[in-house]
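A.B. asks: fold the following for me, if possible:
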Amino acid sequence: MTSRRAGAPWAFLAPAIVLFVAFLAAPILYALYLSFRTEKVSGLGLGPGSRVEMWNGLTNYVNALADPEFLGSVGRVGLYGLVVVPVMLGSALLFALLLDSRRARARNFSRVAIFLPYAVPAVISSLLWGFLYLPGVSPFYWIFEQLGWDVPSLFSSRLVMFAVANIAVWGGVGFNMVVIYTALKAVPSELYEAAELDGASQVGIAWRIKIPIVLPSIIMTFVFSMIATLQVFAEPMTLRPLSNTISTTWTPLMKVYRDAFTRGDLYSASATSVIIALATFLLSFGFLRLVQSRAFGQEENR
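C.D. replies: Predicted coordinates for the structure are as follows:
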């Protein structure tokens, strides 16, 4: 009887463990294995035994880190993150504070309206915005033309970064707003009432009470946003057929996709994927360590 009770939790966990191993752990380990391998081609590579997989050491990693296309994609993602993350989290925090204000009206409608873009898949939202960006079919460019305004195309080399960033901000603000707003609703109302009795304004309450209390939630959304920024793929990949300013290596993951499925170089693509995963982990872990004492000190002291 005791053995049955001890085995019951594992029976419930077994499906999740099998799915985790089959679809997450095993592919990661296989990609790590491929990143240290390469393919040696003899002759034309057509006959049997003409293609042999062999050990390649760290060569794939060295080549990936020295590849100017990869370094260029990393630079573009860095600029993209500098645009997306502050605007998205700043807007989410602002909306959450406005909805939590006592003077707010139509809260239910506003929450749904702000969150709704997050429910739209990235590919669909990218297509919708992409056609709005095209001067030949966009109703906005038609209005600008009627007004006599000479507006540059958002697909130009100078503005395409903002065109992609706008899609990410439009789709991500709602999720982050809900996280921060949920944290705000957990704050005891007595704190606000005491602050109002002391003569604090709504702006002062937001700056001195609300934001410090929900700082852990802001940190969490920042980490999620940073990870999503490093892994951006769907938006530029969907917009690429509509513009010649987005290359096949515009982001690191787009380079991985090109190397793996266009060039058939799984070994180089695996090495680049491992580098991206390590960079994501190190940046996330390092940032959390940096802000841990400030953001989560209250939880640790309880």
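A.B. asks: ok, Leu242 to Glu69 distance?
C.D. replies: Here the criterion is Cβ to Cβ, to the nearest Å. By it, Leu242 lies 21 Å from Glu69. In short, each C-beta sits where N, CA and C put it, glycine included.
A.B. asks: that should have said Leu94, apologies.
C.D. replies: Counting by Cβ to Cβ - Leu94 and Glu69 are separated by 38 Å.
A.B. asks: which of these two has more neighbours?
C.D. replies: Between Leu94 and Glu69, counting by other Cβ atoms under 10 Å, Glu69 is the more crowded of the two (17 against 14).
A.B. asks: quick check: closest non-adjacent residue to Ser126.
C.D. replies: Thr238 (3.7 Å; Cβ to Cβ, 6 or more residues apart in numbering).
A.B. asks: same question, Leu127
C.D. replies: Thr238 is the one closest to Leu127 (Cβ to Cβ, 6+ apart), at 6.0 Å.
A.B. asks: repeat that for Ala228.
C.D. replies: Gly172 (7.1 Å).
A.B. asks: before we move on, what about Thr280?
C.D. replies: Thr280 sits nearest to Leu230 (Cβ to Cβ, 6+ apart), 5.0 Å away.
A.B. asks: was I right about that neighbour contacting Leu278?
C.D. replies: No. Counting by Cβ atoms under 8 Å, Leu230 does not reach Leu278; the two are 10.9 Å apart.
A.B. asks: and the pLDDT at the residue nearest to Thr280?
C.D. replies: Looking at Leu230, its pLDDT reads 90.
A.B. asks: for Phe296, same thing?
C.D. replies: 57.
A.B. asks: spit out the contact partners of Lys255.
C.D. replies: 69-70, 73, 248-249, 272 (Cβ atoms under 8 Å, 6 or more residues apart in numbering).
A.B. asks: quick check: which element contains it?
C.D. replies: Per DSSP states H and E: Lys255 is located in helix 252-257.
A.B. asks: could you dump that helix to PDB, C-alpha only?
C.D. replies: Extracted in PDB, the C-alpha atoms of helix 252-257 (Å, rounded to 0.1, in the frame of the first residue of the first chain):
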ATOM      1  CA  PRO A 252      20.300  35.500 -35.000                       C
ATOM      2  CA  LEU A 253      17.400  33.000 -35.200                       C
ATOM      3  CA  MET A 254      16.800  33.900 -38.900                       C
ATOM      4  CA  LYS A 255      20.500  33.000 -39.500                       C
ATOM      5  CA  VAL A 256      20.000  29.700 -37.700                       C
ATOM      6  CA  TYR A 257      16.900  29.000 -39.900                       C
END
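A.B. asks: immediately after that helix, which helix or strand?
C.D. replies: Defined by DSSP H and E, the subsequent element after helix 252-257 is helix 266-295.
A.B. asks: and that next one, what does it pack onto?
C.D. replies: When contacts are defined as 3 or more Cβ pairs under 8 Å, 6 or more residues apart in numbering; DSSP states H and E, helix 266-295 packs onto helix 26-35, strand 37-41, helix 59-66, helix 215-230, helix 252-257.
A.B. asks: starting at the chain centroid, how far to the first one?
C.D. replies: Computed by Cα atoms, centre = their mean, to the nearest Å, the chain-centroid distance of helix 26-35 equals 23 Å.
A.B. asks: again with the shortest one
C.D. replies: Strand 37-41 sits 33 Å away from the centroid of its parent chain (Cα atoms, centre = their mean).
A.B. asks: same deal with stretch 252-260?
C.D. replies: 17 Å.
A.B. asks: now that stretch: buried residues?
C.D. replies: Across stretch 252-260, burial judged by 16 or more other Cβ atoms under 10 Å covers 252-260.
A.B. asks: report the contact partners of Tyr118.
C.D. replies: With Cβ under 8 Å, 6+ apart, Tyr118 has these contacts: 171-175.
A.B. asks: what is the neighbour count of the residue nearest to Leu288 when sequence neighbours are not counted?
C.D. replies: Using Cβ to Cβ, 6+ apart and skipping residues adjacent in sequence, the residue nearest Leu288 is Val223, 6.7 Å away. By other Cβ under 10 Å, the residues close to Val223 number 16.
A.B. asks: list the contacts of Val223.
C.D. replies: Contacts of Val223 by Cβ under 8 Å, 6+ apart are 284, 287-288.
A.B. asks: look up how far Ser284 lies from it.
C.D. replies: 5 Å.
A.B. asks: pretty sure Ile205 contacts Ser189?
C.D. replies: No. Counting by Cβ under 8 Å, Ile205 sits too far from Ser189 to count as a contact (11.2 Å).
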